[in-house]
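Undergrad: Sequence and computational prediction follow.
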Amino acid sequence: MTTKKARKAPASSGKTSSPAQTTGAVPRILHLHSSFDAGGKEVRNVRLIEAFGTQAEHAIVSGDPDRRGAASLLSGKAKVTWPDFPSLKGKPWPSRLKSLAQAMQGYDLICTYNWGAIDATMAHTLFADPFKLPPLVHHEDGFNEDEANGLKKRRNLYRQIALGRSAALVVPSRTLERVALEVWKQPRPRVQLISNGIDVQNFLRTPPRDALPRLIKRKEEYWIGTLAGLRKIKNLPALVRACADLPEAWQLVIAGEGPERDAIMEEAERCGIDHRVHLPGFISDPARVVGLFDIFALSSHSEQFPISLAEAMAAGLPVAAPRVGDVGSMVASENGPFLCDAGDEAGLRQAIMTLAGDAALRRRVGNANRDRARQDYDERRMVERYRALYWGLMGRN
């Protein structure tokens, strides 16, 4: 493995401002995130903003102002601002919720994302009428570590109440659709299942061996790769252990950023493979690097509809992963034998070992996954469904 100098991430798009009243024909959409680091929902948000182009203006709030990594993905084609906004964290006292509602005035649509923005959803339900607030769409993409092993009853009740005036609840997976209907007791017309999509054509090319910022793939090497936030819920030390017995030519590349970086490398050192485990950091353009992987792997405790999995499939990769969320229904049937139960490290290790030992098997399973991605995960379908939902709610279709 050869080391290269890291490239500097592009500067954040947009500016800090205060919301103004809507003027003219271009609608203004407010997006409320607990953070805007480059995870699945943030990347999708950026892709939609880019796809809508000049047809809308966007204001993005990151509840943690220091976590705005996904802003580097914005090209500047669409107008994006970063308004001052009350904290999304705190007790849901009426005075605080009222201040959140006041700050949501002056837009044509409000989009809230996950539990971290649920207080804004509650504020909208309580104060939509007196402040004449626009329609709100809440998006749920999955759960953090504190709900990975079971939903919390108090949160379920809070969601039921908070979503009372939302115009739509968008989920990307059938697992979350069932939760929304059966656990959060949402009416069927409110729940919208919109699967995540990718630019499939972008993943058909073969990347150069030096495409990663700090790594070069040698001709004699094979790579097991994953794209993931380095968080506990991704269970990445387990992936390190699953790769520990592979031959020396096999490298593990975990692309992403997060608080678990040290824990991952400590596990790699404990297993004696730290020289074969590489953490190149966040990758702004997965299409430039996913094709370098020979096997794509997940080890998460919880997923819903992982965009990175669809990207790997479009690149023609076989997948070793636990059956969490919609993973089992996403992959081609040929890939089914290489999925394991959640938490089954031995099963994950066996799937990786089997795929690593058979190049023809990898090609056959990867080709089946590519065909499935072309058929089902094209980004254009996702963009048009979101456009129809958002513009319909704004009365602009």
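TA: Alright, I've got the coordinates. Numbers count the residues shown, from 1 in each chain.
Undergrad: tell me the contacts of residue 283?
TA: With contact set as C-beta atoms under 8 Å, 6 or more residues apart in numbering, residue 283 has these partners: 212, 213, 227, 255, 256, 289. All C-beta spots, glycine's among them, are computed from the backbone N, C-alpha and C.
Undergrad: Kindly state the beta-bridge partners for the fourth one.
TA: In other words, residue 255. Going by DSSP bridges, residue 255 is paired in beta bridges with residue 227.
Undergrad: Helices along the stretch 251-397 of the chain, start to end?
TA: 261-271, 307-314, 327-330, 345-356, 359-376, 379-393 (DSSP state H, counting those that start in this stretch).
Undergrad: thinking again about what came up before, please tabulate the contacts of residue 283 in CSV, including the columns pLDDT and neighbour count.
TA: Shown next, in CSV, are the contacts of residue 283 (pLDDT from 0 to 100; neighbours: other C-beta atoms under 10 Å):
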residue, pLDDT, neighbour count
212, 82, 24
213, 72, 18
227, 93, 25
255, 92, 23
256, 89, 24
289, 90, 25
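Undergrad: quick one: which two of these are the most distant?
TA: Across the contacts of residue 283, no pair lies farther apart than 213 and 227, at 13.6 Å, counting by C-beta to C-beta.
Undergrad: any idea how far residue 29 is from residue 183?
TA: 28 Å (C-beta to C-beta, to the nearest Å).
Undergrad: In terms of neighbours, single out the busier of these two.
TA: Each of residue 183 and residue 29 has its neighbours counted (other C-beta atoms under 10 Å); residue 29 has more, 21 against 14.
Undergrad: so the more buried one makes contact with residue 106?
TA: No. In this structure residue 29 lies outside contact range of residue 106 using C-beta atoms under 8 Å: 11.6 Å.
Undergrad: So for residue 144, what pLDDT did the model give?
TA: Looking at residue 144, its pLDDT stands at 66.
Undergrad: Please identify the helix or strand for the residue sitting furthest away from the middle of the chain.
TA: Most distant residue from the mean C-alpha position of the chain: residue 130, 34.6 Å away (C-alpha atoms, centre = their mean). In the assignment (DSSP states H and E), residue 130 maps to no helix and no strand.
Undergrad: Next, give phi and psi for it.
TA: Torsion angles at residue 130 (phi, psi; degrees, to the nearest 10) stand at phi -60, psi -30.
Undergrad: Now for it: which residues touch it?
TA: Shown in contact with residue 130 (C-beta under 8 Å, 6+ apart): no residues.
Undergrad: Same check on residue 26?
TA: The contact partners of residue 26, by C-beta under 8 Å, 6+ apart, come to 54, 55, 56, 57.
Undergrad: Could you pull up phi and psi at the third one?
TA: Listed backbone geometry of residue 56 is phi -150, psi 160, with angles given as degrees, to the nearest 10.
Undergrad: wait, it sits on residue 28?
TA: Yes. At 7.2 Å, residue 56 and residue 28 qualify as touching, with contact defined as C-beta under 8 Å.
Undergrad: what's in contact with stretch 98-106?
TA: The contact list for stretch 98-106, computed with C-beta under 8 Å, 6+ apart, reads 19-22, 28, 30, 83, 85-86, 88, 110, 119-120, 123-124, 126-128, 131-134.
Undergrad: Out of the contacts of residue 26, list just those in strands.
TA: Within these, residues falling in strands by DSSP state E are residue 57.
Undergrad: Looking at the contacts of residue 26, which one is closest to residue 320?
TA: residue 56 (39.6 Å).
Undergrad: Next, count neighbours for the closest one.
TA: 21.
Undergrad: Please report the distance of it from residue 132.
TA: Per C-beta to C-beta, residue 56 is found 20 Å from residue 132.
Undergrad: sorry, back to before: buried ones among the contacts of residue 26?
TA: Among these, the ones that count as buried by 16 or more other C-beta atoms under 10 Å are 56, 57.
Undergrad: Any chance of the contacts of residue 26 in JSON lines with pLDDT and distance to residue 360 as columns?
TA: Below are the contacts of residue 26 laid out as JSON lines (pLDDT from 0 to 100; distance: C-beta to C-beta, whole Å):
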{"residue": "54", "pLDDT": "95", "distance to residue 360": "48"}
{"residue": "55", "pLDDT": "95", "distance to residue 360": "47"}
{"residue": "56", "pLDDT": "97", "distance to residue 360": "48"}
{"residue": "57", "pLDDT": "97", "distance to residue 360": "51"}
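Undergrad: Closest to residue 306 out of the contacts of residue 26?
TA: Nearest member of these to residue 306, counting by C-beta to C-beta, is residue 56, at 26.8 Å.
Undergrad: Would you map out the domains in the protein?
TA: The chain breaks down into these domains under automatic domain parsing: 8-197+379-393, 200-376.
Undergrad: which stretch in those domains is the model least sure about?
TA: When the domains of the chain are compared on average pLDDT, domain 8-197+379-393 comes out lowest at a mean of 89.
Undergrad: just the buried members of the contacts of stretch 98-106?
TA: For the contacts of stretch 98-106, buried by 16+ other C-beta under 10 Å: 19, 22, 28, 30, 83, 85-86, 88, 110, 119-120, 123-124, 126-128, 131, 133-134.
Undergrad: picking that back up, okay if I get the contacts of residue 26 as CSV plus distance to residue 314?
TA: Converted to CSV, those look like this (distance: C-beta to C-beta, whole Å):
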residue, distance to residue 314
54, 28
55, 26
56, 27
57, 31
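Undergrad: Between the contacts of residue 26, which sits nearest residue 188?
TA: Checking those one by one against residue 188 (C-beta to C-beta), the nearest turns out to be residue 56, at 27.9 Å.
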